[in-house]
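[1] coords please:
(chains A and B)
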There are 2 protein chains.
Amino acid sequence: MSEIKKWYEKQGPQGDVVISTRIRLARNLPKIPFPARMSQEQRQAVEKAVKKAVEHGSAAIAQSLHYRAMEDVTQTEAISMVERHLVSPDFVTQSKGRAILTAADESISIMINEEDHVRMQVMMEGMNLEKAYQIASVLDDSLNSSLHFAFHKTLGYLTQCPTNLGTGMRASLMLHLPALQESGTMNRIAGNLSKLGLTLRGTYGEGSNAVGALYQLSNQVSLGLSEAEAIANLSTIAMQLVEEERKARQQLAQDVAKQDMIFRSVAILKSARVLTSEEMMQFLSNVRFGIAAGLITDISYDAVNALMIQTQPATMSLLHGGNLSAPERDVLRAKMVVEALASK
Amino acid sequence: MSEIKKWYEKQGPQGDVVISTRIRLARNLPKIPFPARMSQEQRQAVEKAVKKAVEHGSAAIAQSLHYRAMEDVTQTEAISMVERHLVSPDFVTQSKGRAILTAADESISIMINEEDHVRMQVMMEGMNLEKAYQIASVLDDSLNSSLHFAFHKTLGYLTQCPTNLGTGMRASLMLHLPALQESGTMNRIAGNLSKLGLTLRGTYGEGSNAVGALYQLSNQVSLGLSEAEAIANLSTIAMQLVEEERKARQQLAQDVAKQDMIFRSVAILKSARVLTSEEMMQFLSNVRFGIAAGLITDISYDAVNALMIQTQPATMSLLHGGNLSAPERDVLRAKMVVEALASK
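    The predicted model follows:
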C-alpha cells in the first residue's frame, strides 16, 4: 500500500451518519459468454482486452490505475482487498483468469472476470453519490470506447445476473445508525425501504445485531429507471434516514447511561492492551456517536473510519508484515487504536 | 462526619495486600444479665454506666470519644456506620437502649448493648495488629478500672456467646487477594486456615465470588491462648498468605489479558458517568493490583481504600445530604470516583 491518503482516511459530507458512498457498474464484453460459462482462453482474452482498454483509454483516471493479476496476489493481500472493499469476497475465492485494477487512493477498482466481465467501482468518503457516479461514468465511457460493452436497446446493459440488467448500476451508502438501531425500529425501516426499491442491511451481521451499527443502503432496481433517477431516489431517501437518525441521536444523547457508554468506550479504546475486532467496532460506534453528540472533541471521524479498515485481520498482517495469529492481532489492534486515538 | 482524616483514608504496612486491621474485645458488666435477657431498666443502667466509665476513664483516648444514643441516629446514618465498619449490622436493627462511642478518625468505636454489654473495636490501616491491640488494651484497662468486667479465672472474660469466652478478642485483617482468587485456590486455602484456628471469608460475598477479592482473615479461637499468642499466630499466618498472594501476583501481572483488565478498569473508573457499587469494587480491585504491579503510578492505595468506604450507599447519602435513589447514587458514585482518581 502506498503513502497516498486513502479515501477511507478522509471525512465526507454528512460524515456524522454517512461513512461512505459506493457506485458499482456491471459491464460485459459482447459476443463472449458470461464468466460462469467462459473457457479459460476466453477468460484470458477478456482480461487482456480490459487491461488494454484501461491503459489506452481516453480518461487520465483510467490510465493511472494499477494492474494486478490475482494469481500474483498472496492470500493475505487478497483478503485485505476484501476488507478494504476493493473486491468482493467471491472474487478472491478463485484467482485464475481474474485481475484487479486499483487507484492509489483505493477509491477506484475494476474487477475483471468476477460475476461479470467488468465490475467498476468508485468509493468515496461520506455522502458523495453524484460525484462518485460522475467518476464511474468517465471510467465507463473511457472503457466503452474500445470495448463496446454489451447493450440491448430495451434491456440496457446485459449482465450475467438478471437483477443487474438495465443500468448495471448499484449505488450504496454505508450508514452509521446507532440511535435508530437502539430504538429497535430497524426491521420496520428496512421493510419500508424495500417497498421503495431500496435494500438496507447490516454491513457486518444483520439487522439489530449489525456490528458497530453499520448499515448498507443500496438501490435494488436497475431496470426501468435511469442512473440519475436511481441516484436521486437513493439520495432523497438516504437524507430522510440521516435526519431520522440525527433526531433519534439528539434524544439518546440526553441519556446518562448512553453518555456513560460513550465515555467508557473512548476510555477503553485509549487504554486497552488487548482488543477484539468486534469489541473495537462496538466501541468505535459509540465514539462516532460521541463525536456527533459533541461529547468527544479530540477524535475525528476519519480517525475512526481509518481504524475500522486498518485493523481488519488481513490488512493488519499486511501493514505489519507477516501473518499474525488472532491473539497477536488483538494485542496489535489495541496498540494501533491506542496510538491512533492518543490525545495530540 | 468531621474533617479529621479517617483511618481508612490512610495506607498502612503491607498495604499492597492488607487493607485494614481490626481488634474487637467483648466485655460484660458483672451481675447483670447478658443483653438477650436484660430488662429495659438494666439496659439503660448499663448504657449509663459505660458512658460514665468512658468519660471518666484514665485513658485520654477514651475521654475523647463521642457519645451517641442510637435512638438519636437517623436510619441513613446508622447504615452508614455499618458501611464504615463502626458497628455491626445487627446493632442497627434495634436502637432502643443502645449507644455508640466513636473516635473522630473512626479508628475506635464502642458499641453498648450489642451482643455483649460492651464491644470495643479498634480499626487501623494496613497490617497493624500489635498497635491496634495495644490501643484496645489501654481502652479496656481504662473502662475496667470502674466497670470491673465479668471475668472467670479459668474461663476468662464471660460473654453472651460461648465462642467468645476467654480473651473475648477477635482480631481480623481485611486482605486483598485478587491473584489467589483468580488461581481458584481460595477454598483449599480457607480449609487449611480453618485447621489452624483461623477463618477466611469474603468481606462482601463468599469464596471465589468475593466482591473486589476482599477477604476477612480472623482468629476463631478465643479460649486457651493469650491475646498475644492469638495475635502472633494470626500475624504469622497472614504474612505467609501475603507472600503467597505477592508471588501469585508476580506471575499474573505478566499476563497481557490481566494487564488489559487493569488498564481498562482504571480507564473506566476515570471516565464513567454511571457506576454501580459492584462494578466499582471489581474495577478498584484491578486498580489495586495494578498499583502493586507497578502498572499504575498515579493512584494511591489510600485513594482506593477511601473510595470503597465513601461510595457505600448510605455513606454517600450522608456525605451529600438527603437520601439518594439507586440510579442517583450510581451517577454520583461515578462523579466521586472520577474526581478522586483524576490525574493531579
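[2] Need the pLDDT of residue A:208.
    At residue A:208, the pLDDT value in this model is 63.
[3] ok, now residue A:95?
    On the pLDDT scale, residue A:95 gets 91.
[4] what about it, neighbour count?
    Using other Cβ atoms under 10 Å in any protein chain shown, residue A:95 has 15 neighbouring residues. (Glycine included, C-beta is placed from N, CA and C.)
[5] Helix or strand: which one has it?
    Element membership for residue A:95, per DSSP states H and E: none, as it lies in no helix or strand.
[6] which non-adjacent residue is nearest it?
    Computed as Cβ to Cβ, 6 or more residues apart in numbering or on different chains, the closest residue to residue A:95 that is not its neighbour in sequence is residue A:70, at 3.8 Å.
[7] isn't that neighbour right next to residue A:100, touching?
    Yes. If you go by Cβ atoms under 8 Å, residue A:70 and residue A:100 touch, sitting 6.3 Å apart.
[8] Help me confirm that residue A:287 is found in a helix?
    Yes. Counting by DSSP: H, G, I helix; E, B strand; the rest coil, residue A:287 is part of a helix.
[9] Assign the residue lying closest to residue A:100 once chain neighbours are set aside to helix, strand or coil.
    Among residues not flanking residue A:100 along the chain, residue A:68 sits closest, at 5.2 Å (Cβ to Cβ, 6+ apart). Here residue A:68 takes the strand state, with states given by three-state DSSP.
[10] Show me which residues of chain A are close to chain B?
    Chain A comes close to chain B at residues A:256-257, A:259-260, A:263-264, A:266-268, A:270-275, A:331, A:334, as judged by Cβ under 8 Å from any Cβ of the partner chain.
[11] Okay, buried residues for stretch A:194-201 please.
    By neighbour count, with 16 or more other Cβ atoms under 10 Å in any protein chain shown as the criterion, the buried positions of stretch A:194-201 are A:197, A:198, A:199, A:200.
[12] Look up phi and psi at the third one.
    Just to be clear, that refers to residue A:199. Main-chain dihedrals, residue A:199, degrees, to the nearest 10: phi -110, psi 130.
[13] OK, contacts around the one residue in the stretch 1-150 of chain A that gets nearest to chain B?
    The minimum distance from the stretch 1-150 of chain A to chain B, using Cβ to the nearest Cβ, falls at residue A:16 (21.5 Å). By Cβ atoms under 8 Å, 6 or more residues apart in numbering or on different chains, residue A:16 lies in contact with A:176, A:246, A:288, A:291, A:292, A:301.
[14] Quickly list what's touching both of residue A:70 and residue A:100.
    The contact sets of residue A:70 and residue A:100 overlap at residue A:91 (Cβ under 8 Å, 6+ apart).
[15] show me the biggest strand of chain A in terms of residues.
    Looking across chain A with DSSP state E, the single longest strand is strand A:18-27.
[16] Dump the C-alpha coordinates for that one into PDB.
    Extracted in PDB, the C-alpha atoms of strand A:18-27 (Å, rounded to 0.1, in the frame of the first residue of the first chain):
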ATOM      1  CA  VAL A  18     -22.800   8.600   6.100                       C
ATOM      2  CA  ILE A  19     -19.400   6.800   6.200                       C
ATOM      3  CA  SER A  20     -19.000   6.100   2.500                       C
ATOM      4  CA  THR A  21     -20.500   6.000  -0.900                       C
ATOM      5  CA  ARG A  22     -20.100   3.300  -3.400                       C
ATOM      6  CA  ILE A  23     -21.100   3.200  -7.100                       C
ATOM      7  CA  ARG A  24     -20.600  -0.100  -8.900                       C
ATOM      8  CA  LEU A  25     -21.200  -0.700 -12.700                       C
ATOM      9  CA  ALA A  26     -21.500  -4.200 -14.100                       C
ATOM     10  CA  ARG A  27     -20.400  -4.500 -17.700                       C
END
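[17] Report all helices and strands that that strand contacts.
    strand A:118-125, helix A:129-147, strand A:156-157, strand A:169-176 (3 or more Cβ pairs under 8 Å, 6 or more residues apart in numbering or on different chains; DSSP states H and E).
[18] make it 10 Å
    strand A:108-112, strand A:118-125, helix A:129-147, strand A:156-157, strand A:169-176, strand A:214-219, helix A:227-252, helix A:301-310 (3 or more Cβ pairs under 10 Å, 6 or more residues apart in numbering or on different chains; DSSP states H and E).
[19] Tell me the gap between the shortest one and the middle of its chain.
    When you say that, I think you mean strand A:156-157. 24 Å (Cα atoms, centre = their mean, to the nearest Å).
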